[in-house]
Structure formats: C-alpha cells, structure tokens
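K.L.:
How does the following fold in three dimensions:
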Amino acid sequence: MNLTPKEMLAKLVSFNTESQRSNLDLIHFCRDYLAAHGVASTLVPSPEGDKANLYATIGPAGEGGVVLSGHTDVVPVAGQDWTSDPWTLTERDGKLYGRGACDMKGFDAIALALVPEMLAAGLKRPIHIALSYDEEVGCVGARVMIDAMAQAGLTPSAVIVGEPSMMQVVTGHKGGTRMKTTVRGHAVHSSRVDIGVPAVMVAGKLIAWHDEVMAENRNRTGNDNGFEPPYSTLHVGVVQGGTAVNITAEHCAFSHEVRVVPGEDGDAYVARYRARIAELEAGMKAIAPETGIELEITSQTPPLGPEQQGAAEALARRLTGDNGSHVVAYGTEGGLFQEAGWSTVVCGPGDIAQAHQPDEFITIAQLDAGTQFVRGLIAELSR
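P.N.:
Here you go, the predicted structure:
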C-alpha cells in the first residue's frame with residue numbers, strides 16, 4: 001500500500017486521537033502499514049495499556065542516522081465551531097482542514113508516506129520514525145519511548161521534531177512545569193474569619209506569588225534572547241474553591257505552570273514555590289492543625305537550547321537553506337531528546353498559529369515543502 005502524503009494525512013486525521021482517548025487504532029494502522037513494506041516496528045505501551053508509542057528503523061542497523069519525531073495525539077474539538085468534519089480531511093482553496101492536520105499529523109504523514117522511497121534509496125545511514133502519545137498533556141509518551149530507543153542501542157546523530165515551524169529551523173524553546181496546588185482550610189462563619197483558615201484567600205496569596213515572580217523576571221531580563229516574551233513566565237489557569245460567601249472556604253485548588261527559558265531550571269522555581277507554601281502553611285496550622293497545602297507536579301518538560309555546532313541544526317539548515325535564528329515560546333518533545341544526549345532541532349510544516357484552533361489546516365504548499373525536506377534527507381543519508 002503506497003499513499004501520497006496527502007492521502008496518508010487523510011488517513012491519520014480520520015483517527016480521533018484526542019488526548020483523553022486511546023491512540024491504538026492509529027498506532028496499529030501505522031504498525032501494519034510499515035509491516036506491509038517489510039519494516040518492523042516496536043510499540044512502547046502506556047502503563048494502562050490504552051495508548052502506545054511506535055518507533056521503527058528504515059535502513060541499515062548501527063550508529064548514527066536521523067530520528068523523525070512526531071506525536072499522534074491532538075487537542076479536543078469540543079466547544080469549537082468547525083465548518084467541516086474535523087475527522088475528515090477537507091481541501092478548500094489550497095488548504096487541508098482537519099484536527100491535527102497542522103499539529104502535527106502533517107509531518108507524521110510525510111514520514112510514513114515516504115517509507116517506500118526510503119526503502120528504494122539504499123540508505124547508508126538509518127532513518128528512525130518515532131511516533132508518541134500524549135504530547136499535548138505534558139510529553140508523557142516520549143519519555144518512555146526515548147528510554148526504550150536508548151536501551152535498544154539507537155544512537156542517532158540528529159533528531160528532527162516536526163512540529164509546525166513553517167519549515168524554519170528552530171533551535172530553542174521554553175520548558176514547562178505544570179502543577180496542581182490544593183489548599184485545605186478550616187471552615188467557620190465569615191464573621192469569625194479570625195479563627196478560620198479561608199482556603200480561597202490562602203490560595204490567592206499563592207496565586208499572587210506567580211505574578212510577583214514573573215514581574216521580577218520581566219524587570220531583570222534583557223530582550224536579546226529571541227523569545228516572546230523574553231523571560232520565564234508563570235501562570236494560573238484554573239481555580240476551584242469555596243461554598244458560600246459567608247463561609248471561610250474549606251477547600252481550594254488551582255492548576256498552574258512555569259515556562260522557563262533555556263538556561264533556567266523549572267526545579268528552582270518549584271523550590272521557591274515550596275518555600276512560600278511552607279511559610280503560609282505554618283500560619284494555617286497555628287490556627288487549625290488539620291489544614292495544609294499539597295503540591296502535585298503533573299508534568300515537567302525541559303527546554304530545548306541552542307547547541308554549539310549541533311549536528312541536527314547543521315543538517316536542517318543544509319536541507320532547508322534557512323540560516324535565520326529562530327526560537328519559540330511553546331514547548332515540544334525536543335528538550336527530552338536533547339536531554340537524552342541527542343542533537344535536536346524543531347523543523348516541520350505548517351503554522352503554529354493554526355494549532356488547537358477550529359478549522360485547523362495545513363496548506364498544500366507547506367505539506368509539499370515538508371515532503372521535499374524529507375526527500376532531501378533521504379538523498380543525504382543515501383550518499
């Protein structure tokens with residue numbers, strides 16, 4: 001079964017792989033497609049067994065080669081106003097619409113569709129295709145997949161993470177730490193707030209801490225690192241708590257994140273935050289010993305930093321002709337590959353502005369540009 005990149009994209013889009021759902025139907029399709037071309041693949045399942053990563057090697061076994069990395073999950077479509085079925089690839093005016101068409105099944109489709117060309121080329125160095133689950137909820141799958149690839153003895157010279165970058169060579173992005181804080185208060189009538197511990201108000205102090213630290217970052221950071229904004233950011237996205245206006249809240253929980261620029265450490269922010277928690281918790285327990293504050297780290301992804309004479313950057317620049325300096329504020333699995341010791345860049349078709357949007361699309365021109373990029377890689381690794 002040979003498919004063009006567009007045909008392969010239509011097939012991948014037809015699988016509803018929202019992060020809260022299983023991706024196994026898509027993964028099994030990819031496994032069977034590769035097997036039909038004589039390519040063995042390895043599945044690395046999630047702990048629950050309802051999802052899986054897949055990686056496969058085309059070309060000679062041994063050292064070196066290039067990883068083409070993509071994720072298979074997409075963000076939900078619920079509540080979005082789509083003008084066509086998000087699970088049916090629809091072409092209009094040079095654009096291909098569908099959930100994940102841009103982020104990032106377009107790149108996945110190119111890598112898979114060109115497998116027959118890889119096999120026919122007589123590769124001298126391998127191409128590794130790596131497809132992960134749950135990137136959108138914290139790069140969960142890539143962690144175990146990278147470990148499995150390393151344990152299998154893979155030592156790629158370069159990793160290309162095909163997130164939408166308009167085929168620009170991105171050498172840096174921010175890292176992210178996502179957290180959930182739960183405050184246990186002590187409920188009394190609000191007229192005696194002095195003997196209660198209002199969880200919502202304690203949570204408010206912790207929420208304000210995020211803004212205070214971000215203001216420090218903003219005031220001390222120059223504008224020469226290429227990021228927008230150029231400093232590490234802190235943000236609280238969801239807050240839930242309280243029962244009535246005249247009761248000191250017994251419970252409040254909020255979800256929050258830190259996005260750090262390369263060179264800064266998410267753990268350092270967590271340590272500062274834990275110190276602030278300890279200060280507030282001491283005062284709470286002095287009033288009611290059963291109160292407290294719990295912190296859960298829900299995901300943590302390292303930043304991607306520019307490399308000195310990085311092999312992945314040099315390769316991607318040769319193939320694209322892009323010599324510009326590009327960094328992005330959003331995160332990818334690239335930091336995890338780099339953390340494993342593999343030279344990594346982000347370079348893929350499509351515009352990140354389309355990601356997560358209703359009527360998400362990739363232009364046919366960008367799909368073609370990504371296809372030519374991978375064809376150039378095939379030629380490079382065949383010499």
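
K.L.:
burial count for residue 217?
P.N.:
Residue 217 has 18 neighbours, counted by other Cβ atoms under 10 Å. Placement of C-beta: from N, CA and C, glycine included.

K.L.:
Excluding chain neighbours, what is closest to it?
P.N.:
Of all residues not flanking residue 217 in the chain, residue 231 sits nearest, at 3.9 Å (Cβ to Cβ, 6 or more residues apart in numbering).

K.L.:
Touching, the one you found and residue 261? I think so.
P.N.:
Yes: judged on Cβ atoms under 8 Å, residue 231 makes contact with residue 261 at a distance of 6.8 Å.

K.L.:
can you confirm the residue nearest to residue 217 is in a strand?
P.N.:
No: secondary structure of residue 231 (DSSP: H, G, I helix; E, B strand; the rest coil): coil, not part of a strand.

K.L.:
got the phi/psi numbers for it?
P.N.:
Main-chain dihedrals, residue 231, degrees, to the nearest 10: phi -120, psi 170.

K.L.:
In contact with it, which residues?
P.N.:
Applying Cβ atoms under 8 Å, 6 or more residues apart in numbering to residue 231 gives the contacts 214, 217-218, 220-221, 261.

K.L.:
So for those residues, which is the shakiest by pLDDT?
P.N.:
Least confident of the contacts of residue 231 in the model: residue 221, at 70.

K.L.:
Let's see the pLDDT reported for the closest residue to it other than its chain neighbours.
P.N.:
Once flanking residues are discounted, residue 221 sits nearest to residue 231: 3.9 Å by Cβ to Cβ, 6+ apart. If you check residue 231, the pLDDT there is 94.

K.L.:
any idea how far residue 231 lies from residue 300?
P.N.:
19 Å (Cβ to Cβ, to the nearest Å).

K.L.:
related to what we said a few turns ago, so what's in contact with residue 231 and residue 261 at the same time?
P.N.:
Counting by Cβ under 8 Å, 6+ apart, residue 231 and residue 261 have no shared contacts at all.

K.L.:
Contacts only, for residue 124.
P.N.:
Counting by Cβ under 8 Å, 6+ apart, residue 124 touches 59-60, 381-383.

K.L.:
Next, the buried residues of the helix or strand containing residue 181.
P.N.:
In this assignment (DSSP states H and E), residue 181 forms part of strand 175-184. Using 16 or more other Cβ atoms under 10 Å as the test for burial, strand 175-184 gives 175-179, 181-184.

K.L.:
That one packs against which elements?
P.N.:
Under the contact criterion of 3 or more Cβ pairs under 8 Å, 6 or more residues apart in numbering; DSSP states H and E, strand 175-184 touches helix 199-220, strand 251-260, helix 266-287, strand 292-301.

K.L.:
so where's the chain uncertain?
P.N.:
For the chain, applying pLDDT under 70 flags no range at all.

K.L.:
what's the domain layout of it?
P.N.:
5-173+304-382, 175-301 (automatic domain parsing).

K.L.:
Of these, flag the one that's most buried.
P.N.:
Among the domains of the chain, domain 5-173+304-382 has the highest mean neighbour count (mean count of other Cβ atoms under 10 Å), at a mean of 20.

K.L.:
how far does it sit from the chain's center?
P.N.:
When distances are taken as Cα atoms, centre = their mean, to the nearest Å, domain 5-173+304-382 is centred 12 Å away from the chain's centroid.

K.L.:
May I ask which two of the buried residues of strand 175-184 are separated the most?
P.N.:
For those, with distances taken as Cβ to Cβ, the pair at the greatest spread is 175 and 184 (30.0 Å).

K.L.:
Confirm for me that residue 177 is in contact with residue 297.
P.N.:
Yes: the criterion here is Cβ under 8 Å, and residue 177 meets it with residue 297 at 6.6 Å.

K.L.:
In helices, which of the contacts of residue 124 fall?
P.N.:
381-382 (DSSP state H).
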